[in-house]
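>>> Got a sequence here, can you build the structure:
(one chain, ligands or ions: 1)
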Amino acid sequence: NWKLSAFAERKVEEIKRIVGSSKVVGGLSGGVDSTVAAVLTSKAVGDAFTGIFVNHGLMRKNEDIEVCEALRSLGIKLINVDASEEFFRELKGIDNPEEKRKIIGKTFIKVFEREANKLNASFLLQGTIYSDVIESGAASKNSAKIKSHHNVGGLPDKMNLKLLEPIRELFKDEVRNLGYSLGIEPSLLTRQPFPGPGLGVRIIGEVDSEKARILKEVDSIFMDVLRKSGESEKIWQSFAVLLPVFSVGVKGDKRSYGYVVALRAVNSSEGMTASWHELPHEILREASSRITSGVREVGRVVFDITDKPPATIEWE
Ligand code: XMP
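Here you go, the predicted structure:
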């Protein structure tokens, strides 16, 4: 697409001019927006840009590793900060969803700042896109106000960094297409929406590393079943939820007492409304049997058949 290539070239030149010989830092998550912004910036200033990946331990199974590999293979200089223990420590004893979100957001900023301060950067790269600009009601170019839903909102306030927002004028589908034309691999561009607080809001109630380990296993089996059956292409968002509920069952000839997990698959265009996806029964059956045989701690699997509204997509 020549229009997008022209845009990319223009942006790269613009970033070069703005940044000069300064350094740029930015938080990367593997999300489409931050990835595209980072590729443009790396093309423009090379190693003067450093991406920081804050691993909160609440991504999908292996996603932290895969995302970092993919970003590095795009030529981005990246620091991968494993802060999972710090996140679990901060989350100890917290079961209220909004409080969990706040703590995860705050801890994210704390970790990011700590790392960014070592780099002596003058610019903060943000993958702000046009819909963020509208939603935040940001009229002024310097306003970094991003709705609290976003992972990195509120970052630069104390840091005294100038904002760099190269894809501010693009719509989501334009960002994705630009990503393709920049050679970003499809697996990064077609990822499902994933909440900033990650599995933190999919582990109902108190979060700890053991529950995160269990949920990652369950979720990855569910995703694998959906992928292999070809069903994932028809689904907007799918995931597993770990409930703070134990249920009686039999495993072998023994009575067992295991976690209940819920599976959810929904279709939506922008997440404002959603309808549950009618998964074929044999796929549900396979997911259930693979989960209960593969994850010892889980004794029962249920499927969520609630639309949004009245429910939300996430359980918390
Ligand atoms: P709900 O659960 O509100 O979700 O129906 C709508 C969409 O937003 C995602 N979501 C979040 N994204 N931080 C995020 O970055 C959050 O705290 C958060 N909560 C929900 C959800 O996955 C769905 O795509």
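
>>> Contact partners for Asp95?
205-206 (Cβ atoms under 8 Å, 6 or more residues apart in numbering). For glycine as for every other residue, the C-beta is placed from the backbone atoms N, C-alpha and C.

>>> From Ser289, how far off is it?
From Asp95 across to Ser289, the span is 31 Å (Cβ to Cβ, to the nearest Å).

>>> likewise Arg72?
Where Ser289 is concerned, Arg72 sits at a distance of 37 Å (Cβ to Cβ).

>>> same check, this time on Ser229
When Ser229 is compared with Ser289 (using Cβ to Cβ), they lie 14 Å apart.

>>> When these two are compared, which one has more neighbours?
Counted by other Cβ atoms under 10 Å, Ser229 and Ser289 do not tie: Ser229 has more neighbours, with 16 against 13.

>>> which ones are touching the more buried one?
When contacts are taken as Cβ under 8 Å, 6+ apart, Ser229 is in contact with 280, 283, 286.

>>> is any part of the helix or strand bottoming out on mean pLDDT in the chain close to the ligand?
Within the chain, confidence by mean pLDDT, DSSP states H and E is lowest for helix 130-136 among all helices and strands, at a mean of 85. No - under the criterion of Cβ under 6 Å from any ligand atom, the ligand is not reached by helix 130-136; the shortest gap measures 11.5 Å.

>>> For that helix, buried residues please.
By neighbour count, with 16 or more other Cβ atoms under 10 Å as the criterion, the buried positions of helix 130-136 are 132-133, 136.

>>> Send me it as PDB with only the CA atoms.
As requested, the backbone C-alpha atoms of helix 130-136 are provided in PDB (Å, rounded to 0.1, in the frame of the first residue of the first chain):
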ATOM      1  CA  TYR A 130      -7.100   8.700  17.100                       C
ATOM      2  CA  SER A 131      -9.800   7.000  19.200                       C
ATOM      3  CA  ASP A 132      -7.700   7.500  22.300                       C
ATOM      4  CA  VAL A 133      -7.500  11.200  21.500                       C
ATOM      5  CA  ILE A 134     -11.200  11.400  21.200                       C
ATOM      6  CA  GLU A 135     -12.000   9.300  24.200                       C
ATOM      7  CA  SER A 136      -9.700  11.200  26.500                       C
END
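
>>> Now the terminal residues of stretch 41-59, how far apart.
The first residue of stretch 41-59 is 25 Å away from its last residue (Cα to Cα, to the nearest Å).

>>> All further residue positions should be reported with the first residue as 147.
Sounds good: first residue 147 from here, last item stretch 187-205.

>>> part of a helix, is Val396?
No - Val396 sits outside any helix when classified using DSSP: H, G, I helix; E, B strand; the rest coil, being strand.

>>> so after the strand or helix carrying Arg247, what's the next helix or strand?
Under the criterion DSSP states H and E, the helix or strand holding Arg247 is helix 243-263. From helix 243-263 onward toward the C-terminus, using DSSP H and E, the following helix or strand is strand 269-271.

>>> what's the spacing between that following strand and its chain's center?
Centroid separation for strand 269-271 versus its chain: 20 Å, with Cα atoms, centre = their mean, to the nearest Å.

>>> Report the strands that pair with that strand, each with its relative direction.
With DSSP bridges as the test, strand 269-271 is paired with strand 170-173 (parallel), strand 308-310 (parallel).

>>> Just say which of those strands is most tucked in.
For the strands paired with strand 269-271, the stretch with the most neighbours on average is strand 170-173, a mean of 25; neighbours defined as mean count of other Cβ atoms under 10 Å.

>>> which regions of the protein sit below the pLDDT cut-off?
When the per-residue scores of the chain are filtered using pLDDT under 70, the ranges that remain are 283-304.

>>> how does it look with 80?
Low-confidence regions of the chain, defined here as pLDDT under 80, cover residues 147, 281-305.

>>> who in it is up against the ligand?
That would be 247, 295-297, 339, 341-343, 347, 383, 417, 454, 458-460, which are the residues of the chain within reach of the ligand (Cβ under 6 Å from any ligand atom).

>>> One more pass at 8 Å, please.
Those residues of the chain that sit near the ligand, judged by Cβ under 8 Å from any ligand atom, are 247, 294-297, 338-343, 347, 383, 414, 417-418, 420, 454, 457-462.

>>> Now, those residues that are in strands?
Using DSSP state E, the members of the residues of the chain next to the ligand that fall in strands are Gln383.
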